[in-house]
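Engineer: Generate a structure from the sequence data that follows.
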Amino acid sequence: RVNISGFEDGLIKYTAEENVSVLGDGGPSIRRLNLLQIRATMLSNIIPPLKSSGGTVPSSTQIRHHNRRRCIFSNTIFSNTFLAITVLGVWSIYNLHDFISTNEKKADGRLRGVDNEQAARKAARETEAEAAMEANTEEDNAAADAKETARAKVAAKTKAKAATETEAEAATEGAADATADPVIADAGKKNDAAAHEIRDLSCINYGGPLQRSDVLDIVYWNDIVSDSNFTSPFHDQEKYLTFEPDPSGWNNCRMGYETIVVMAHAMGRTLVLPPEGKFNMLKNDKRPEKKSIFSFADFYHMESLDREHAGLDVISMEEFLKREIKKKRESIETGEVVKPPRGGKTNWDGEQLNLLWKYLRTVGYVKKWNPYSCLAAIPSGKGDTAVTDLQQIGEELSNLKPKKYDRNPNAVSASPIERLQEMRGSRNNLCIYDQEMQSQRLLHFMTNYEEGHRLLIHFYAFMFFYDWKHDLWSKRFVRDHLRYLDEIMCAAGRIVSLLREKARAIDEENINGDFDTLHIRRSDFQRQYPSTQLEAMELFNLSKEELTPGSVVFIATDHMDKAFFQPFSDVYNVFFLSDFKDTLSDLNISYLPMVDQIVASKGKIFYGTFYSTFTGYITRLRGYYATKNHMDGYKEGITKSYYFFPSNKKRDVLEYKSVMGPFWAREFPVAWRDINLDVKLD
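Structural biologist: Sure thing, here's the model as predicted:
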C-alpha cells in the first residue's frame, strides 16, 4: 500500500484516498523480498521431493543421534558404514548450505537490478486480493458511512465558517483606525487562494486599485452569515449532479452554469465540474505562462464556495471519476453494466468529451427539462406531501391565463401561486423534482439543441421554490457568491478608477467622476439579428438625448474598427478597453470580456443591445449596484438603462417588467428587487 498526499486542481483542493492499492493506473509495483524470503523460496525449489513425499529435511544433530542408536545394535562394519554415511551427509549438507549462500548472494545482486518475477506475481496476487476485499468492504459500508460523512462535513464547514467570522471580526476591529490608509484596499484580508473568502476583495497582488474607495466602488455583493449555513432538505453528498456546458458564447455558458449551481444546492447534490476545456468565443492567450483551457473554477471562487457553504459540495470531474471507477455502473435504461470510456480514464482536461458525455448520459438519470415549456419546481421538503403541494399548484396554474405584472410586482413573500404567475411567462407546466428524481444517485443534464436539452435561461426565470425564503436565498446566493475572481474584478476596478479620474479632470464639478457606458454588439449579430445592425450615426442619434456632450463615454464592443464610432468621438471623450492595454498587460486576455462587462455596468447612464446576453448581465450587475448603493429607483428594481433597439424596448429597464420570453434576451428586476427582505444587513 502507498499513501497519496493532498494535491491541487485549479482552485479546488482534494485529498486522495489513503492506503491506495499498489495496483493503480500505473500498473503493479514490484515488492522486493528480503533474504529470508529468498532463502525459503530457494529451499522449496531445491528440495521438493522430500516435501512431496511427506518427508522432512533432517538436521545433522538428528542424524548423529540416530547413528548412535544404530551402533548399539550393529556390528563394527555396519557402524563404520553408517559413520561414513553420516560424514558424507554432513559434507553434503555443508556444501548445500554453501551453494544456497552463494546463490542467495547472486539472487540478491540480481534483485537490486531487476525485480524478481516470482515476487512480482505474488505481490500482484496479494494486492488484487486486498483490493477486492477493500472494494467489497467499501460497497458494504458505503450506505452506512454516507450519512455520517455528510453530517461530519456539514459540521466541519459550519465550524470553519464560524472561526473565519470570528477572525474577520477581530481583523476589522483592529483595522478600524487605519481605514484612511490608501494601502488598505479591500475588506482587509490576505490574498491566499486557500483561505480566500468570497466576501473579501483583495487587489494588492493584482496591481491595484489600492485606494479603498476605488475597491469598494466595484463591490456589489454582501456578506450574509446566515446564508452560508443554509442547507437543502435533500442534502446528500453521495448523490451527484453532472452537466454539459453550453457550447456557445461565454455569457450563454454563464447563464446555464448559474442555473446548474443553484439546482445542485437546491437538490442537495454534489456538483461535479466539467473538465477543463476551451470556451467558445473567448480568445486564447498565447503567452506560455497563461492558461488556454479553463474550468469554471478559473472564473469563480469555487474552492471558497465549497468551503464556505455547508449545503454545497463541489468536486472536479477527475475526482468524481476516480470515485466511480471502482464501482460497476449500469445503464439506466437497460440495466446492463457499462464500462467507463477509454479504459477508465479519469483526467479529461483538454480532451474531446463526446465519449465522456455518452457514458454519463447512459449511467446517469437524464430528465428533459425544457425551460421554455416548464418551470423547474423544488419541493419545500422530502416526502409525498411536498410533491403533492407542487402538483396541485401546477394544476391550478394550467387553468389560469398568463398575467402581466408590469409596474405592479407581487410582494416577494407572496403566495406560491402568485409568485408562480409572475414568473411563468407563457408556460403552463411544472417540472417537479419528485421522488423518482430524488432517489437517483446521479443526475446528468445534457446539452442537445435538436432534442430541446439546453438551459439557456436565467436561473431565477426557471427555478421555482415553494418556499419564498428559499427563492430569495437562491438570488442572494448568486449575487453574493457567484462573482468573478479577484483578478478580474480588480482589473475592472483599475479601469473604472482611471475613467473617473478622466471625468473629474474634464469637469471639476463632476466630483464623483461619473461617466456613461455603451455596449454595441455587431460581429455575429450581423448574421443572427440583421435588424439590430444600425450605422454609428443612427446609434448616436438614438442615445444623444440621455448623454452629455463633452462627457466621458466608455464603449464595450466586439467591433474592431474604431473609426466606425467617429460620430461618438466627435462629441464625447470616448474610451475603449483597448485604450488601457498597459493597465491590463498582465491579465489573461480570456478575461477581457468579463472586465468589459464590469466596467460597462458602472456607467451612470447605460445603453445596451437587446437580445445580447452580454448586455443582459451588465443590466443585472447595475441592478445589484443600485440596490447596494440605494440609487434612484432601486426599490422598484429599475436603473437608468436603455436599449438602442427595438424602439419599443428602449425604456424597458426604466420600469418594472415581469418575466417574459424570450427569457435570454434580457434580464428582469425580479433577480435583484427586494431580495434582502428576510435578512438583516449591516
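Engineer: can you pull out the helices in the stretch 351-500 of the chain?
Structural biologist: 354-363, 384-398, 416-423, 435-439, 459-462, 468-481, 486-506 (DSSP state H, counting those that start in this stretch).
Engineer: Please name whichever of those helices is nearest to residue 665.
Structural biologist: helix 459-462 (11.1 Å; Cβ to Cβ). Every C-beta, even on glycine, is put in place using the N, C-alpha and C of the backbone.
Engineer: thinking again about what came up before, now for the helices of the stretch 351-500 of the chain, which one comes closest to residue 550?
Structural biologist: helix 486-506 (6.7 Å).
Engineer: before we move on, the earlier item: quickly compare the helices of the stretch 351-500 of the chain and say which is most buried.
Structural biologist: helix 459-462 (a mean of 25; mean count of other Cβ atoms under 10 Å).
Engineer: Count the neighbours of residue 631 for me.
Structural biologist: By the criterion of other Cβ atoms under 10 Å, residue 631 has 15 neighbours.
Engineer: how near is it to residue 622?
Structural biologist: To residue 622, residue 631 is 9 Å away according to Cβ to Cβ, to the nearest Å.
Engineer: what do you get for residue 395?
Structural biologist: According to Cβ to Cβ, residue 395 and residue 622 sit 38 Å apart.
Engineer: And residue 500, by the same measure?
Structural biologist: Applying Cβ to Cβ, the value for residue 500 to residue 622 is 17 Å.
Engineer: swap in residue 636?
Structural biologist: 14 Å.
Engineer: Name the residue in those two with the higher neighbour count.
Structural biologist: Ranked by neighbour count (other Cβ under 10 Å), residue 636 and residue 622 place residue 622 first, with 26 against 16.
Engineer: Quick one, grab the pLDDT at the more buried one.
Structural biologist: If you check residue 622, the pLDDT there is 98.
Engineer: Same check on the one 3 residues further on?
Structural biologist: We have a pLDDT of 97 for residue 625.
Engineer: same check, this time on the one 3 residues further on
Structural biologist: The model reports residue 628 with a pLDDT of 95.
Engineer: Residue 73 now?
Structural biologist: pLDDT recorded at residue 73 is 40.
Engineer: one step back: between residue 631 and residue 622, which contacts overlap?
Structural biologist: Shared contacts of residue 631 and residue 622 (Cβ atoms under 8 Å, 6 or more residues apart in numbering): residue 639.
Engineer: wait, residue 456 sits on residue 371?
Structural biologist: Yes: applying Cβ atoms under 8 Å as the test, residue 456 and residue 371 come out as touching, 7.4 Å apart.
Engineer: what about the two, which has more around it?
Structural biologist: residue 371 (25 against 20).
Engineer: lowest-pLDDT helix or strand in this protein?
Structural biologist: Sorted by mean pLDDT, DSSP states H and E, the helices and strands of the chain end with strand 12-14, the least confident at a mean of 31.
Engineer: contacting residues for the most centrally placed residue in the chain?
Structural biologist: Among the residues of the chain, the one closest to the centroid is residue 273, at 4.3 Å (Cα atoms, centre = their mean). Shown in contact with residue 273 (Cβ under 8 Å, 6+ apart): 12, 295, 296, 297, 302, 314, 315, 316, 317.
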